[in-house]
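J.: Coordinates for the following, if possible.
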Amino acid sequence: MTIEHEKVLSGDGWLRIAGRLCPPGATATQRGVFASKMAAANKMTTASVIHPGEILHYDTADLPFVAPPAPVKFSVFGNAILDPAGKRFIPVGANVAPQIIEGPYGFTQVGGQSAAGHVADAQALGWNTIRITVPVPGVGVSMDQTVAGTKFLIDEYTAKGIVCIVEYHSPIQNLPLASPSRRDTREFWAKLLPLVKGNTYVWANVSNEPFSQDAGWYDFSVECVNFVRAIDLDMIVVCDMPNNGQGSVASIPDMTELAANRNIVLSWHNYGAVIRDNSIGGDQAMYLVPNVGWFMRPDPSVLSDIVQVNEWLTQWAEMVKGLPVIIGEAGFDWDSSARRGNTVPRGYLLERTAAIWSLNKLTKYGFGLLAWHGTEGGIYSLRRGDATVFYSTHTEPSDMGQVLAQAASLV
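T.: Purely as a prediction, here's the structure:
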């Protein structure tokens, strides 16, 4: 069985002969047996250089000793997230709100209902992950109350083995983490991280869609990683892709460099907008509605457009499949017939196509699927109707809710 879960922090200690690898944990006797075995097979050559940050592949059948034990925490190796048992982890679930006093970014429009107290409902739906969309404190809401509400939800869900990706939903974009405008973001994490330090089921998504452009995204992401690492060396850090989480072809080198660091995950918010990248769909990704304006494909009057959009999304996925990517957001309007009464084509068909693509490619790429949104109670509800939450019993699942249910059945 081929093992792929050794990332080199230092080249020292590894022995590589003819492409076969002997881990540094081997004893001197085991290393000698390994070398003798390779020599007997006429495979003895000068060991090549092993570079720090390199992912090492080796086959236990070719080694004279047992492979290193599986990690005991969530970790990232190559393009894969591994769970504490060493198995590949594909996150499936939804974005949800913590139970705190309502703020301007509360995500709990249905009478203040949140995901608190409903871990059993999430389990029944097959979720293994939630993304906690933490609101910016509103008038009369303290940061301590915000942190306490977030911590309460974390405790409830992680106790049942559900990963909590915590994101602070700041509206600030295109500024460094150290900027005065991001003071509340720093305060939130400075207060929360010591409370959850060591809990491997908590992943830090420091700020939602922090950059609407490529420029500055890498430096900001490094700031976020360093901020978290100063408190928890092992916690997985989730970084939303640049361009509002949509990503771009031009940003792939920066994303690759960032992901070379330990336990980094890149979050793609797949509403389909990446197809407008000039290296993918470009101008062809747009269509003109006479007397109205330009919209992104698929054109509802051209059925073959859906096939084209799927091909463009797959083209992007092929570009980033070697990176540790998750789909941190995907979703579309529950009201598929009326489209909110809007007669002008809008994002609905593109968002729907992107969400269904995410489901269809779930096992191929392992990106997972986190739906937007489980408790907001708006047009992106997982149940039919605006005033619903994911555990509502008075209404049927929306089309997106059904997509998510199918995704959960695959992991």
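
J.: which sections of the protein are below the confidence cut-off?
T.: Filtered on pLDDT under 70, the chain yields the residue ranges 1-35, 37-71, 101-112, 139, 337-346.

J.: now do 80
T.: 1-71, 101-112, 138-140, 292, 336-347, 377, 386-387 (pLDDT under 80).

J.: domain ranges for it?
T.: With domains defined by automatic domain parsing, the chain comprises 2-62, 75-408.

J.: Around residue 256, how many other residues sit close by?
T.: Residue 256 is flanked by 13 other residues according to other Cβ atoms under 10 Å. All C-beta spots, glycine's among them, are computed from the backbone N, C-alpha and C.

J.: OK, contacts around it?
T.: Going by Cβ atoms under 8 Å, 6 or more residues apart in numbering, residue 256 touches residue 323.

J.: Work out for me the element it sits within.
T.: Taking DSSP states H and E as the definition, residue 256 sits inside helix 252-259.

J.: ditto for residue 356
T.: Counting by DSSP H and E, residue 356 is found in helix 348-360.

J.: For that helix, which outside residues touch it?
T.: Against helix 348-360 from outside (Cβ under 8 Å, 6+ apart): 270-273, 275, 296-298, 300, 306, 309-310, 313-314, 327, 330-333, 336, 339, 367, 369, 371, 399-400, 403, 406-407.

J.: and what of stretch 237-246?
T.: For stretch 237-246, with Cβ under 8 Å, 6+ apart as the criterion, the contacting residues are 165, 167, 203-214, 217, 221, 224-225, 228-229, 247-248, 251, 254-255, 258, 263-271, 273-274, 326, 328-329.

J.: Which of those fall in helices?
T.: 217, 221, 224, 225, 228, 229, 254, 255, 258 (DSSP state H).

J.: Pretty sure residue 264 is one of the things the fourth one touches, is it not?
T.: Yes: assessed by Cβ atoms under 8 Å, residue 225 is found in contact with residue 264 at 6.7 Å.

J.: okay, and the common contacts of the two?
T.: Common neighbours of residue 225 and residue 264 (Cβ under 8 Å, 6+ apart) are 237, 239, 258.

J.: quick one: which of those residues is most hemmed in?
T.: In the shared contacts of residue 225 and residue 264, the most neighbours by other Cβ under 10 Å go to residue 239, 27 neighbours.

J.: Using CSV, write down the CA coordinates of the helix or strand where it lies.
T.: Here residue 239 sits within strand 237-240, counting by DSSP H and E. Extracted in CSV, the C-alpha atoms of strand 237-240 (Å, rounded to 0.1, in the frame of the first residue of the first chain):
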residue,chain,number,x,y,z
VAL,A,237,-5.4,27.4,9.1
VAL,A,238,-8.0,27.9,6.3
CYS,A,239,-7.4,30.8,3.9
ASP,A,240,-10.1,31.9,1.6
